[in-house]
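Novice: here is a sequence together with a model predicted from it:
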Amino acid sequence: MKKQFFGTDGIRGCVGEHPITVDFVLKLGWAAGKVFAKSNKGRNLILVGKDTRVSGYMFESALEAGIIAAGVDVGLLGPMPTPAIAYLSRTFRAQAGIVISASHNAYQDNGIKFFGSDGYKLPDEIELEIESYLQQGIVTCGSNELGRASRIRDAAGRYIEFCKGTLPTGFSFAGLKVVVDCANGATYHVAPDVFRELGAEVVEVGTEPDGLNINYQCGSTSPELLRQKVLETGADIGVALDGDGDRVLFVDANGGIVDGDELLYVIAMFRRANDLPCSGVAGTLMSNFGLEKALAELDIPFARAKVGDRYVIETMKKNQWELGGENSGHIVCGDITTTGDGVVAALQVVRAMIAGGKSLAELCNNYHKLPQTMINVAIKNPVDLGSNGDVKKAILSAEEKLAGNGRVLLRPSGTEPVIRVMVEGDDAALVGELVQQIADTVSEQVA
């Protein structure tokens, strides 16, 4: 069966437009409650958390009502990062955790994503079962069987202690000045405290959410504000999280933006040098070729997954590797937690800096990012370019000119009606020329 509502990261869309409506989310809560109640895994409890967008209140209430109608208890976490909800689902022995968030999107969007009792995102068969219940009418349990709701009042403190516990006992950030940009999102009341309690001097940015300013000109999708603050305050680093806290980018002391590929390299290099778990690294089709080359120099295996952190985690599990991530800043330390965690990943990077006595820029010295250019070609309907002779000829021609020092990638977007055409290589001018040639060819074929 093909999934109707679930995408690669739950269900997401514009608030008020199907399926991101109150009636649908109410039914989704009921459907999820029915499915998880049958699983016999964990307590008769589903945790519900959210980011800071204004519509979260509305959808929290809808989910709560639906889950209770299905006869399952609800633990309300309030605003909490996505990875915190994954962690708390495990530690509370809950049947599941539900996150109300549209991640890095603007406040007009929202979404619902799930974690199982093990803290991992749901397998396809569970999502399909939830969708099958969505086709039925809601049947409310008898009053003596209804679930109950309670508020989990120490959720933030539990997650803060978990994050600090990912570092060796006594490890200190004393003497480090950090700008922490929380994107006016779910980490606003936890991330600054984590760094502060570890001894760092913290300058806060994006910690005044009003329900409408999440991800607005701040956070990992708009790091310019952080860059300015780092230079203005003379900070050692800047840490930029996204609205739900599962992505992180850095700014070094010189104002240079350090993306997820570079951060993965720093963590992997530190682990390999200090006999810590690093048997391989999973990236994606969009990971820079420079990461692959840098890891090869460290004799660390590398594999590419489809874009999306669930596919990264699948590759990690398949190869029994501990590290994976995306250039967008989703970084998974699989020996520490079960999903991308911006705060945890940031702590591993800072640990590498302090333990090695080097700045972030110095740690990235041996990583050489290849110039990469991408053009989105609009399409009206799904199209298979794999068998198109003209497109294949254009790709082969480009690959010959790159002479093994780069790559070409064409892939349909999972969120927009476009074909993404990407070329990367040593020569920026050549890369720009080749990507335009291929994009023009693709455009001619889909016109």
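Specialist: On my side now, so go ahead.

Novice: care to break this protein down by domain?
Specialist: In the domain annotation for the chain, the residue ranges read 11-153, 159-363, 372-446 (automatic domain parsing).

Novice: mean pLDDT for those domains: which is lowest?
Specialist: For the domains of the chain, the weakest mean pLDDT is recorded on domain 372-446, namely a mean of 91.

Novice: what is the end-to-end distance of that one?
Specialist: Domain 372-446 has an end-to-end distance of 24 Å (Cα to Cα, to the nearest Å).

Novice: centre of the chain to that domain, how far?
Specialist: How far domain 372-446 lies from its chain's middle: 26 Å, per Cα atoms, centre = their mean, to the nearest Å.

Novice: run me through the strand neighbours of the strand or helix carrying residue 13, direction for each.
Specialist: Element membership for residue 13 (DSSP states H and E) is strand 11-14. Applying DSSP bridges to the sheet, strand 11-14 is found paired with strand 109-116 (antiparallel).

Novice: next helix or strand past the partner strand?
Specialist: Next helix or strand after strand 109-116 toward the C-terminus (DSSP H and E): helix 124-134.

Novice: so where do the helices sit in the stretch 301-447 of the chain?
Specialist: Remark: helices assigned in the stretch 301-447 of the chain by DSSP state H, counting those that start in this stretch are 309-319, 342-356, 360-363, 389-402, 428-446.

Novice: for those, give me TSV that also has distance to residue 145 and mean neighbour count.
Specialist: Backbone N, C-alpha and C define where each C-beta goes, glycine included. Output for the helices of the stretch 301-447 of the chain, formatted as TSV (distance: least, Cβ to Cβ, whole Å; neighbours: other Cβ atoms under 10 Å):
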stretch	distance to residue 145	mean neighbour count
helix 309-319	34	19
helix 342-356	39	23
helix 360-363	55	18
helix 389-402	58	16
helix 428-446	54	17
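
Novice: dump the residue contacts of the nearest residue to residue 428 once chain neighbours are set aside.
Specialist: Distances taken as Cβ to Cβ, 6 or more residues apart in numbering place residue 371 nearest to residue 428, at 3.8 Å, with adjacent residues excluded. Neighbour list for residue 371: 424-428, 431 [criterion: Cβ atoms under 8 Å, 6 or more residues apart in numbering].

Novice: closest one to residue 1 among the domains of the chain?
Specialist: domain 11-153 (5.5 Å; Cβ to Cβ).

Novice: of the contacts of residue 371, closest to residue 141?
Specialist: Proximity of the contacts of residue 371 to residue 141 (Cβ to Cβ) peaks at residue 424, which lies at 55.2 Å.

Novice: who touches the closest one in this structure?
Specialist: Neighbouring residues of residue 424 by Cβ under 8 Å, 6+ apart: 288-289, 370-373, 406-407, 431.

Novice: kindly present those residues as JSON lines, with separate columns for distance to residue 51.
Specialist: Output for the contacts of residue 424, formatted as JSON lines (distance: Cβ to Cβ, whole Å):
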{"residue": "288", "distance to residue 51": "29"}
{"residue": "289", "distance to residue 51": "33"}
{"residue": "370", "distance to residue 51": "34"}
{"residue": "371", "distance to residue 51": "34"}
{"residue": "372", "distance to residue 51": "30"}
{"residue": "373", "distance to residue 51": "32"}
{"residue": "406", "distance to residue 51": "38"}
{"residue": "407", "distance to residue 51": "35"}
{"residue": "431", "distance to residue 51": "36"}
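
Novice: for residue 420, see how far away the closest residue to residue 419 other than its chain neighbours is.
Specialist: Spatially, and ignoring its direct neighbours in sequence, residue 419 is nearest to residue 377 (4.6 Å; Cβ to Cβ, 6+ apart). Residue 377 sits 8 Å away from residue 420, going by Cβ to Cβ, to the nearest Å.

Novice: with residue 113 instead?
Specialist: The gap separating residue 113 from residue 420 is 23 Å, by Cβ to Cβ.

Novice: in terms of neighbours, single out the busier of these two.
Specialist: For the pair residue 113 and residue 420, the greater number of neighbours falls to residue 113 (26 against 19), based on other Cβ atoms under 10 Å.

Novice: return the residues in contact with the more buried one.
Specialist: Residue 113 sits next to 9-11, 82, 98-99, 101, 121 when contact means Cβ under 8 Å, 6+ apart.

Novice: top of those by number of neighbours, please.
Specialist: Highest neighbour count within the contacts of residue 113: residue 101, with 35 neighbours (other Cβ under 10 Å).

Novice: now do the contacts for that residue.
Specialist: Applying Cβ under 8 Å, 6+ apart, we find residue 101 in contact with 50-51, 53, 56, 82, 110-111, 113, 186, 243-244.

Novice: and those, which of them are in helices?
Specialist: Among the contacts of residue 101, the members found in helices (DSSP state H) are 56, 82.

Novice: now the contacts of residue 101 as JSON lines including distance to residue 2?
Specialist: Below are the contacts of residue 101 laid out as JSON lines (distance: Cβ to Cβ, whole Å):
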{"residue": "50", "distance to residue 2": "29"}
{"residue": "51", "distance to residue 2": "29"}
{"residue": "53", "distance to residue 2": "29"}
{"residue": "56", "distance to residue 2": "29"}
{"residue": "82", "distance to residue 2": "26"}
{"residue": "110", "distance to residue 2": "24"}
{"residue": "111", "distance to residue 2": "19"}
{"residue": "113", "distance to residue 2": "19"}
{"residue": "186", "distance to residue 2": "31"}
{"residue": "243", "distance to residue 2": "29"}
{"residue": "244", "distance to residue 2": "27"}
